[in-house]
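Visitor: Next comes the sequence, and after it the predicted model I'd like to discuss.
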Amino acid sequence: MDSSLVIAYNRFSKLSCNGLVYLMSNVSPSINPVEIARIALKKLSERGLAPTPENYTKFYNAIATIKSPDAKTSNETLQAWQLLYKVEDMLGDMDETTGQLLTALAGGNEAMSVSLDLLQDTRRAHLEQRASPDDTHSKLENLLNTIINSTSEMHSSVTASKTDLLAIRDSVRSIEENLEVNRQILEQDALTGAMNRQGFDNRLVREAKLAQRHGHKLSVVLFDLDDFKLVNDRFGHAVGDNVLVHIAGLARSVLRESDILVRYGGEEFLILLAETDIHGALYVLERLQQVARRNPFMHRQQRLDVTFSAGIAMLRSDENGRALVLRADEALYVAKRNGRGLIEMAE
Ligand SMILES: Nc1nc2c(ncn2[C@@H]2O[C@H](COP(=O)(O)OP(=O)(O)OP(=O)(O)O)[C@@H](O)[C@H]2O)c(=O)[nH]1
């Protein structure tokens with residue numbers, strides 16, 4: 001750990017004593033504060049900012065305010081549990097059906113093997129003229145009856161298993177659908193409906209690999225609302241929340257179906273643009289600026305103009321998704337440093 005981080009950690013310890021109660025009031029109980037502290041320090045060091053208590057508190061609060069993927073409503077948790085029980089039930093049914101099928105097959109196999117031996121004995125006795133035609137005839141008739149009975153038993157078992165297996169296949173399909181819905185809920189930011197950070201991390205790796213493999217362009221836009229703290233301070237946190245929802249809605253309105261909008265941090269959004277070069281990404285962002293100007297957030301008939309600063313980067317042939325986002329983040333930092341409402345393209 002470098003010395004600045006050590007200092008920051010020491011400062012964090014002091015903060016822990018003096019202001020942890022304050023800090024924690026903002027934090028979902030499911031988020032580990034040590035993890036938040038680690039990310040906050042990393043962010044500070046990435047941006048070359050001094051780890052002062054002010055900077056540290058700012059980053060800590062911003063990270064802590066991101067809705068945790070764990071912070072799910074009780075209804076969502078209930079759904080997840082129900083799905084789990086459904087999977088458990090289905091696996092139980094499947095076990096029982098395959099068990100019955102295996103027993104039926106083993107029994108049928110045994111009966112057929114015995115019948116086959118008897119059939120061979122009877123044929124041999126007939127060829128060697130050891131048995132009278134009447135004897136052979138009666139033996140064959142008995143054997144045929146046995147074979148018909150065991151085949152019919154096997155047929156009933158297979159038919160019953162087929163019905164069970166069809167029912168299991170339907171359950172598997174419905175579970176697949178439920179799993180997809182659950183995955184979407186888990187990957188969604190509860191406030192804005194955008195994808196959350198966890199969902200994005202999974203997606204980024206895949207999209208970057210796909211783009212590299214097929215030689216497609218992939219761009220990332222990172223934008224952060226300007227002076228958002230003032231909105232909260234002036235109008236309250238609930239209004240701030242509504243502004244975030246408003247901006248996410250505007251962003252969605254300028255995006256294509258294939259583009260991915262992510263709530264990347266408290267008041268920071270990311271857009272992943274597949275098959276889009278940096279000029280395409282700039283175009284999208286300028287459209288968003290335009291749309292935001294034309295559709296301001298209204299609070300008690302008062303226009304509340306919100307601007308944002310942004311960084312854009314396009315995937316290089318030799319980098320992975322993380323490096324791409326890092327370059328967009330650096331560009332965003334430059335945009336913020338140079339003023340507000342600016343767009344900066346990464347080198
Ligand atoms: N209402 C609301 N506020 C949030 C949420 N997430 C983060 N914030 C707030 O966003 C503000 C971010 O403040 P800063 O990091 O100082 O950034 P800023 O005021 O936008 O200033 P610059 O980014 O430097 O332009 C803090 O007040 C956070 O509490 C949220 O989910 N809802």
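Guide: Here it is on my side, so go on.

Visitor: Check the stretch 101-250 of the chain for the residue nearest the ligand and tell me.
Guide: Gly240 (2.5 Å; C-beta to the nearest ligand atom). Backbone N, C-alpha and C define where each C-beta goes, glycine included.

Visitor: quick one, what contacts that residue?
Guide: Phe228, Val231, Asn232, Glu267 (C-beta atoms under 8 Å, 6 or more residues apart in numbering).

Visitor: So which of those residues sit within helices?
Guide: Phe228, Val231, Asn232 (DSSP state H).

Visitor: From the chain's centroid, how far away is stretch 282-293?
Guide: Centroid separation for stretch 282-293 versus its chain: 28 Å, with C-alpha atoms, centre = their mean, to the nearest Å.

Visitor: no, scratch that, I was asking about stretch 297-313
Guide: The gap between where stretch 297-313 is centred and where its chain is centred comes out at 29 Å by C-alpha atoms, centre = their mean.

Visitor: which stretches of this structure form strands?
Guide: Assigned by DSSP state E, the strands in the chain fall at 218-225, 260-263, 268-274, 297-299, 302-304, 308-314, 343-345.

Visitor: Break the chain down into its domains, please.
Guide: Following automatic domain parsing, one finds the domains of the chain at 3-65, 74-186, 197-345.

Visitor: From the ones you listed, pick the one with the highest average neighbour count.
Guide: Scoring the domains of the chain by mean neighbour count under mean count of other C-beta atoms under 10 Å gives domain 197-345 as the most buried, with a mean of 17.

Visitor: Next, the distance between the ends of that domain.
Guide: Taking C-alpha to C-alpha, to the nearest Å, domain 197-345 runs 22 Å from one end to the other.

Visitor: Relative to Phe228, how far out is Ile39?
Guide: 19 Å (C-beta to C-beta, to the nearest Å).

Visitor: Next, the contact list for Leu324, please.
Guide: If a contact means C-beta under 8 Å, 6+ apart, then Leu324 has Ala208, Leu218, Val220, Ala313, Met314, Leu315, Arg316 as its contacts.

Visitor: For the stretch 151-300 of the chain, what lies in contact range of the ligand?
Guide: 191, 224-229, 232, 237, 240-241, 244, 266-267 (C-beta under 6 Å from any ligand atom).

Visitor: mind redoing it with 5 Å?
Guide: Counting by C-beta under 5 Å from any ligand atom, the stretch 151-300 of the chain comes close to the ligand at Asp226, Asp227, Phe228, Lys229, Asn232, His237, Gly240, Asp241, Gly266, Glu267.

Visitor: Need those in TSV (columns: pLDDT).
Guide: Formatted as TSV, these follow (pLDDT from 0 to 100):
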residue	pLDDT
Asp226	97
Asp227	95
Phe228	96
Lys229	95
Asn232	95
His237	95
Gly240	96
Asp241	96
Gly266	93
Glu267	95
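
Visitor: With respect to Asn202, which of the residues you listed is nearest?
Guide: Each of those was scored against Asn202 by C-beta to C-beta, and Gly266 proved nearest at 21.0 Å.

Visitor: ok, the closest one to Ala335 distance?
Guide: Taking C-beta to C-beta, one finds Gly266 at 17 Å from Ala335.
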